[in-house]
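Q: Below are the sequence and a predicted model for it; my questions follow.
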Amino acid sequence: MRTRNYLYLLLMVACMLTGCYSNRQIGLLQDRKGIPTYDSVPYEPYRLHVNDQIVYRLITMDETISKAMAAEQMSYNAQYAVSYRIQSDGTVDIPFLPPIKMEGLTEREAQDTLQAVFRQIIPDADVKLALYNKNFTVLGDLGSGQYKIYKERMTIFQALAMTGDVNNKGDRKHVRIVRPNGNEPPEVLEFDIRAQTVIDSKYYYIYPNDLIYVSREPGAFYKVPSYSSFIGLITSSVALLVSVLNYIPNVNF
């Protein structure tokens, strides 16, 4: 009888110390009581910051200019695109041109600005410009690494899908995005990614140079990833106790 009581006690302890992850804890797009609600905000295109790098392509029928630009491009390693960094004063130094102010501009505005400057000396100049360092970084319980932003308006869900999603032990209630803010201190955005209202909120879109961080959920040590793991833990614990009782016959209960 006492042996049976000890078995029951072991099962109770295992149940208290062990839990499983439910949809309420890790499910996305939830709309229920206890989940935060976020306001919808319009999308704002990314604006260039100091230390951003741009690449451009100049198209013109002027052979002299084309050859000069080609020679300048070939002076670098052909394996890499020639990029130009936005200096601390917000300008970009491009060969044959005066410093051009680009900090605070969108990619399209920067392209139009560079094209207008080129057309002052090359009337038929056509410019295609893009941001070179269009990446985001992830850390914590969703892996670690740096990934390319392959499209405009990439969402937080698309970014997490590229990284393999948040681990079950990740704290979905307190996802953080560290976002550079020019010469100002970085902005830290914290939100509950389980909320349905994350869609179209200020947390929804990923911008170049964002860092996404997911910490370990408090108490994750005592949880198992699935009910099968939960049952397995209990079974192995009971088997261990039974083995001990069988091999120590002199134990006095």
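A: Happy to help now that I have it.

Q: domain parsing for the protein?
A: 23-46+134-220, 53-131 (automatic domain parsing).

Q: and the last one, how far out from the chain's middle?
A: Which is domain 53-131. Relative to its chain's centre, domain 53-131 lies at 30 Å (Cα atoms, centre = their mean, to the nearest Å).

Q: Can you measure across it, start residue to end residue?
A: 6 Å (Cα to Cα, to the nearest Å).

Q: same question, stretch 206-216
A: With Cα to Cα, one end of stretch 206-216 sits 22 Å from the other.

Q: could the domains of the chain be laid out in TSV, adding mean neighbour count and mean pLDDT?
A: (Each C-beta comes from the backbone N, C-alpha and C, glycine too.) As requested, the domains of the chain are exported to TSV (neighbours: other Cβ atoms under 10 Å; pLDDT from 0 to 100):
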stretch	mean neighbour count	mean pLDDT
domain 23-46+134-220	16	91
domain 53-131	15	86
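
Q: List the contacts of the one helix or strand residue 117 maps to.
A: Using DSSP states H and E, residue 117 falls within helix 107-119. Helix 107-119 is contacted by residues 45-46, 48, 54, 56, 58, 60, 94, 97-98, 100-102, 105, 125-131 when judged by Cβ atoms under 8 Å, 6 or more residues apart in numbering.

Q: so residue 136 touches residue 213, yeah?
A: No. Distance between residue 136 and residue 213: 11.4 Å, which falls outside the contact criterion (Cβ atoms under 8 Å).

Q: now residue 128, what's its secondary structure?
A: strand (DSSP: H, G, I helix; E, B strand; the rest coil).

Q: Just to check, it is in contact with residue 54?
A: No. The criterion here is Cβ under 8 Å, and residue 128 misses it with residue 54 at 11.0 Å.

Q: Show me what residue 127 is bridged to.
A: residue 58 (DSSP bridges).

Q: contacting residues for it?
A: 56, 57, 58, 59, 111, 114, 115, 118.

Q: My guess is residue 154 contacts residue 204. True?
A: No. Counting by Cβ under 8 Å, residue 154 sits too far from residue 204 to count as a contact (9.8 Å).

Q: what residues are up against residue 88?
A: residue 50.

Q: Spit out the contact partners of the closest residue to residue 218 other than its chain neighbours.
A: Residue nearest to residue 218 in three dimensions, not counting chain neighbours: residue 171, with 7.3 Å by Cβ to Cβ, 6 or more residues apart in numbering. For residue 171, the contact set (Cβ under 8 Å, 6+ apart) comprises 141, 214, 215, 216, 217, 218.

Q: For the residue most central in space within the chain, give its distance to residue 94.
A: Centrality entry for the chain: nearest residue to the mean C-alpha point is residue 212, 3.9 Å, by Cα atoms, centre = their mean. Using Cβ to Cβ, to the nearest Å, residue 212 is found at 33 Å from residue 94.

Q: and the host helix or strand of residue 187, what other elements does it pack with?
A: Here residue 187, judged by DSSP H and E, is contained in strand 184-191. For strand 184-191, the packing partners by 3 or more Cβ pairs under 8 Å, 6 or more residues apart in numbering; DSSP states H and E come out as strand 175-181.

Q: Sounds good, over and out.
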